[in-house]
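Asker: generate coordinates for the sequence data below:
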Amino acid sequence: MKRFIPFMKSDPFVAVIRLQGAIANSGRGLDNPSLAPVIEKAFSKGKPAAVALEINCPGGSPVQSSLIASRIRRLADEKKIPVFAFVEDVAASGGYWLACAADEIFVDSCSITGSIGVISSGFGLPTAIEKIGVERRVHTAGKSKSVMDPFKAEKPADVKKLKGWLDDLHVTFIDYVKSRRGAKLSDNPDLFTGEVYIGQKGVDEGLVDGIGHLAPVMKDRFGDKVQFRRYGQKKPLLARFGAQIVDDAVAGIEERAAFARFGL
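Answerer: Numbering: from 1, shown residues only. Here you go, the predicted structure:
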């Protein structure tokens, strides 16, 4: 009520953005198109003292990670609003990329952070269709159009090409982390190998700034009267009524598999 009374100073508030789940380019997880209005609103509605990111994310698409993090940084710089990240179970790989969009990163003593690497996984089925009597016909113009075809035996040249792509993405990831964390990072040679760190070990390596939770840290920075306004993704109306049950089930399996990589 105080904010509607002229000349009375309102209590400070922190806009909280929930980033829960895997980062996907399929529209089923965290992605730039669905998060764009959420992030824009968090930075623009009222005058927040800070924006806090609640992160529980095992990673995912490098491009979507970059787009989401870039949007956060652009708005933070334009509006001169500090950003704090609070990691719950995990902020690994792309999840850590999102955390690095913050000016400071806090974790629980059991949180998992890091996994600064790139992974590509899939299945090879070179003899499966033969066994059921199916003939596959593929015609291309361009020798590289059928690279890593799962229905053909793996070719060393294709694997080498894929490894080159992964290495390029890895370098980009490392450069981004260094640009955001700078001198805070330790000189541990394992830091960029995909290794993960729990709680205080992440602090020791400079991946995060400290052990701390959202409310206590924000009250310490902005006073006991600080308020919180929460923003998060909303499911489409049809999805809420079960029209996408199968699609959501597939997304759930994929997400559980991503979290399972970290024993969660």
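
Asker: for Ala91, what is the enclosing helix or strand?
Answerer: Per DSSP states H and E: Ala91 is located in strand 83-92.

Asker: from the chain's centroid, how far away is the next helix or strand after that strand?
Answerer: Per DSSP H and E, the first helix or strand lying C-terminal to strand 83-92 is helix 94-99. With C-alpha atoms, centre = their mean, to the nearest Å as the basis, helix 94-99 stands 4 Å off its chain's centre.

Asker: remind me which residues of this structure are low pLDDT?
Answerer: For the chain, the stretches flagged by pLDDT under 70 are 1-9, 27, 122, 126, 235-264.

Asker: hmm, try it at 90
Answerer: The model of the chain has pLDDT under 90 over residues 1-11, 24-29, 117-167, 232-264.

Asker: would you map the helices across it?
Answerer: For the chain, the helices defined by DSSP state H occupy 32-44, 62-79, 94-99, 128-131, 156-181, 200-204, 214-222, 237-240, 245-260.

Asker: which phi and psi does Gly124 have?
Answerer: Per-residue torsions, Gly124: phi -110, psi 130 (degrees, to the nearest 10).

Asker: next one: the closest residue to it other than its chain neighbours from Ile198, what distance?
Answerer: Spatial nearest neighbour of Gly124, chain neighbours left out: Pro150 (5.7 Å); criterion: C-beta to C-beta, 6 or more residues apart in numbering. For the C-beta atoms, the positions are set from N, CA and C on the backbone; glycine is no exception. To Ile198, Pro150 is 35 Å away according to C-beta to C-beta, to the nearest Å.

Asker: just want the angle from the strand holding Ala91 to helix 214-222.
Answerer: 150 degrees (axes from the mean of the first three to the mean of the last three C-alpha atoms, to 10 degrees).

Asker: what about stretch 163-174, distance to the chain center?
Answerer: Mean-position distance between stretch 163-174 and its chain equals 17 Å (C-alpha atoms, centre = their mean).
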